Structure formats: C-alpha cells, structure tokens
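*Asks:* sharing a model that was predicted from the sequence below.
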Amino acid sequence: QVQLVESGGGSVQAGGSLRLSCAASGYTRSYCMAWFRQAPGKERERVAVITKEGNTFHADSVEGRFTISRDSAKNTLYLQMYSLKPEDTAMYYCAAGWNGWCASGQIHSWGQGTQVTVSS
C-alpha cells in the first residue's frame, strides 16, 4: 500500500478550471491509479482511471472536460478539470488499486480527499 495526499481543490465558478494533484509515497508503477468523488447524499463515483500501462478511462459525466495523467518521475497523479459545473461539486479522492481499471474492490489505498466546490 501507499500513502496518497491530494491537493488543488477549491472553490470556482461554473466554467472554471482546477487541477488536482495526488502525491504518492511508495512504489505506484505497478498499480492502477484513479480519482473518485463523492457528493453529500450520493454514492461514490469513479471519475477517471489510469492503468499501469497508461491507458485511461473517464466517466461519461466528465468525458471531454477532465483529463487524468500521471508523472511517474514525480510519483504524482493529476486530474485536470475544465468547464466545471455545479454538479461537479464533491470531495475528490485519489486512489491506488491492484490492477485493471481500479474498480472499488481493487482499491488498496485512499487519500484523505480534497474538496471541489463549483458555484453557478
């Protein structure tokens, strides 16, 4: 398992942008990495995934607006978010998983979360 620390959250107006970062301690190259989010009263949603091979997945709700990437040299995961909407408001969590597409059951490490608030 690894330790994950998110940063970059904040409050923005609709249409704005943010970039979330997740600094990892420990070896992560053999893991899938992902961003999840959870809004109050809603289930946790897998937003974006990058596999250990570098393949990416983005949820339909963020496709074309969010981009996941990882810098292996810095051991850091990113989520670039553009055209933010009020419905993107949530706590965003960085996660590392054993393999594949980081389904919830594969996650072994979670960050503490960073809040993103988008106002209309």
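*Replies:* Thanks, I have it.

*Asks:* geometric centre of this structure: which residue is closest?
*Replies:* Taking C-alpha atoms, centre = their mean, the centroid of the chain lies closest to Trp35, which sits 2.2 Å from it.

*Asks:* so that residue is in contact with Ala48, correct?
*Replies:* Yes: between Trp35 and Ala48 there is a contact at 4.9 Å, judged by C-beta atoms under 8 Å. Every C-beta, even on glycine, is put in place using the N, C-alpha and C of the backbone.

*Asks:* quick one: common contacting residues for those two?
*Replies:* Ile68, Leu79 (C-beta atoms under 8 Å, 6 or more residues apart in numbering).

*Asks:* so is the residue nearest to the centre of the chain in a helix, a strand, or just coil?
*Replies:* Look at Trp35: counting by DSSP: H, G, I helix; E, B strand; the rest coil, its state is strand.

*Asks:* confidence score at it?
*Replies:* Predicted confidence (pLDDT) for Trp35: 98.

*Asks:* just Ser104 next, same as before
*Replies:* pLDDT, Ser104: 85.

*Asks:* what is the end-to-end distance of stretch 53-67?
*Replies:* Start-to-end span of stretch 53-67 (C-alpha to C-alpha, to the nearest Å) is 16 Å.

*Asks:* give me the contacts around that stretch.
*Replies:* Contact partners of stretch 53-67, identified using C-beta under 8 Å, 6+ apart, comprise 45-50, 68, 70, 79-84, 87-88, 101.

*Asks:* repeat that for stretch 31-39.
*Replies:* Under C-beta under 8 Å, 6+ apart, the answer for stretch 31-39 is 2, 20, 22, 24, 44-52, 68, 70, 77, 79, 88-102, 106-108, 116.

*Asks:* point out where this structure drops to low pLDDT.
*Replies:* Nowhere does the chain drop to pLDDT under 70.
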